[in-house]
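Colleague: Pasting the sequence and the predicted coordinates here, then a few questions.
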Amino acid sequence: MTKTQHLISAETLCTHYQIEFSFVDALHNIGLIHIEIVEKKHFIHQDQIADLEKMIRMHLELNLNPEGIDVVFNLIEKEQELQNEIIFLRNRLRIYENE
C-alpha cells in the first residue's frame, strides 16, 4: 500500500475542474480542506472530493470567495447540528408521551 493510495493530486484536480491551485490553497489556508504533501507534491484525500466539488460550484456559480464559502459551510454545519438536536429532543419527548 502506497502513501498516496487514497490521495488525488491537486494538480490533477485543478486541471479536471479548471481551477487555479491558488483557490485550492486558499481553501486549505482557511481550514476547509486538508492538503497532504508527499515528495513535494500536493494531494487531497479522496474523502474530501465531494466537499471540494461543492466549494468549486459555490465559487463558480455564486461567485463566492473562500471566506464566503467558509461562512456557508459553517452555516450548513450549524443547521445539521440543530436538526440532530431536534431529532434527539423529539425522541425524548416520545418517551414522555408514551407514559
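Modeller: Nice, thanks for sending it over. Numbering: from 1, shown residues only.
Colleague: any idea how far the residue nearest in space to the middle of the chain lies from residue 40?
Modeller: By Cα atoms, centre = their mean, the chain has its centre lying nearest to residue 51, at 3.4 Å. Remark: distance between residue 51 and residue 40 (Cβ to Cβ, to the nearest Å) = 25 Å. No exception for glycine: its C-beta is placed from N, CA and C like everyone else's.
Colleague: on that earlier part again, and the residue nearest to the centre of the chain, which of the three is it?
Modeller: helix (DSSP: H, G, I helix; E, B strand; the rest coil).
Colleague: Go ahead and confirm it touches residue 27.
Modeller: No - with contact defined as Cβ atoms under 8 Å, residue 51 and residue 27 do not form a contacting pair (9.2 Å).
Colleague: Which neighbours do the two have in common?
Modeller: Shared contacts of residue 51 and residue 27, defined by Cβ atoms under 8 Å, 6 or more residues apart in numbering, comprise residue 33.
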